[in-house]
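J.: A structural model of the following input is requested.
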Amino acid sequence: MSEACPPARGTRHVEHVMGTVFSFDLRDPVTPPVRRALEEAVAWLHHVDEVFSTYRPDSAISRLGRGEPVPERYGPEVAEVFALCEEVAHTTGDWFSHTPGGRLDPSGLVKGWAVERASRMLYAAGTRNTCVNGGGDIQLRGEAAPGTPWRIGIAHPARPGELAAVVTGRDLAVATSGTAERGAHVVDPHTGEPATALASLTLTGRSLTRTDAYATAAFAMGAGARDWVEALDGHEALGITAAGDIWRTSGFR
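T.: Numbering: from 1, shown residues only. Okay, here's the model as predicted:
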């Protein structure tokens, strides 16, 4: 009589989508439900790209930007993202905008929203210790190992290969906005010009949806970012100025 093999202890998966690299790091036994949830999470990311990519002329967001109707099945997701964007715009004093420069583009929130939902899919399937990383925006659950928190390195924008800091924690969201990979791509919504006062800003929180969007807004704020994050409940920040100076909010560890 043969015995069933025990489930594998953890797995990793890398997926290229949304113009960047997403990685899944699961530290629990990979049962059939967890394997299916991982496949569904990967499919979800591709679906989000189909709906919200500003680089695909056939995406729902591109169609809306041209004033064209979008398929009805995409309506609830688009409505949810727009509502979240408006909430973040209000919280940040309009330093976050899903229409930067007058162009419809909710990218500053969508990636974090997509990663957080993918993380929830895995959690619902029974895996409790996971790291989902979407191009450097990360949702962490549980621990890297029993009794060991996750450790996330924050790259120094002016020193390739060097770390500016290491963040450790459990059940944590980490998001970074900066110029190192894509240049000055974050727009000051009040002027329409690229934000250049900071080279990098890393924000930590619990929900990646809001942490990612708040990081974009704080980066656009430049010199005002530190005081704003200090007053933002449940979040901490590390900023690196264009001149290379590093600052941290009082609770950033």
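J.: And the helices in the stretch 51-200 of the chain?
T.: If DSSP state H, counting those that start in this stretch is used as the criterion, the helices of the stretch 51-200 of the chain fall at 60-65, 75-91, 107-124.
J.: so how far is the shortest one off the chain centroid?
T.: Put plainly, it is helix 60-65. Its chain's C-alpha centre and that of helix 60-65 lie 22 Å apart, by C-alpha atoms, centre = their mean, to the nearest Å.
J.: which residues are in contact with it?
T.: Applying C-beta atoms under 8 Å, 6 or more residues apart in numbering, the contact partners of helix 60-65 are 50-54, 56, 69-71, 74, 78, 103-106. For glycine as for every other residue, the C-beta is placed from the backbone atoms N, C-alpha and C.
J.: farthest-separated two in those residues?
T.: In terms of C-beta to C-beta, these reach their longest pairwise distance at Pro71 and Arg103, which sit 21.6 Å apart.
J.: so which strand or helix has Phe22?
T.: strand 20-30 (DSSP states H and E).
J.: Sheet partners, orientation included, of that strand?
T.: The sheet places strand 20-30 alongside strand 8-17 (antiparallel), strand 130-134 (antiparallel), with pairing taken from DSSP bridges.
J.: between the ones you listed, which one is nearest to Asp188?
T.: The stretch from the strands paired with strand 20-30 with the least distance to Asp188 (C-beta to C-beta) is strand 130-134; that distance is 24.2 Å.
J.: contacts for the closest one?
T.: Around strand 130-134, the neighbours that count as contacts under C-beta under 8 Å, 6+ apart are 18, 20, 22-28, 41, 45, 111-112, 114-115, 118-119, 122-123, 138-142, 144, 150.
J.: and if you look at stretch 173-180?
T.: When contacts are defined by C-beta under 8 Å, 6+ apart, stretch 173-180 is touched by residues 112, 116, 136-140, 152, 154-155, 157-158, 167, 185-186, 196, 198-208, 211-212, 214-216, 218-219, 240.
J.: now the end-to-end length of stretch 59-76.
T.: Across stretch 59-76, the terminal residues are separated by 15 Å (C-alpha to C-alpha, to the nearest Å).
J.: which of the residues in that stretch are buried?
T.: By 16 or more other C-beta atoms under 10 Å, the buried positions in stretch 59-76 come out as Ser59, Ala60, Ile61, Ser62, Arg63, Tyr74.
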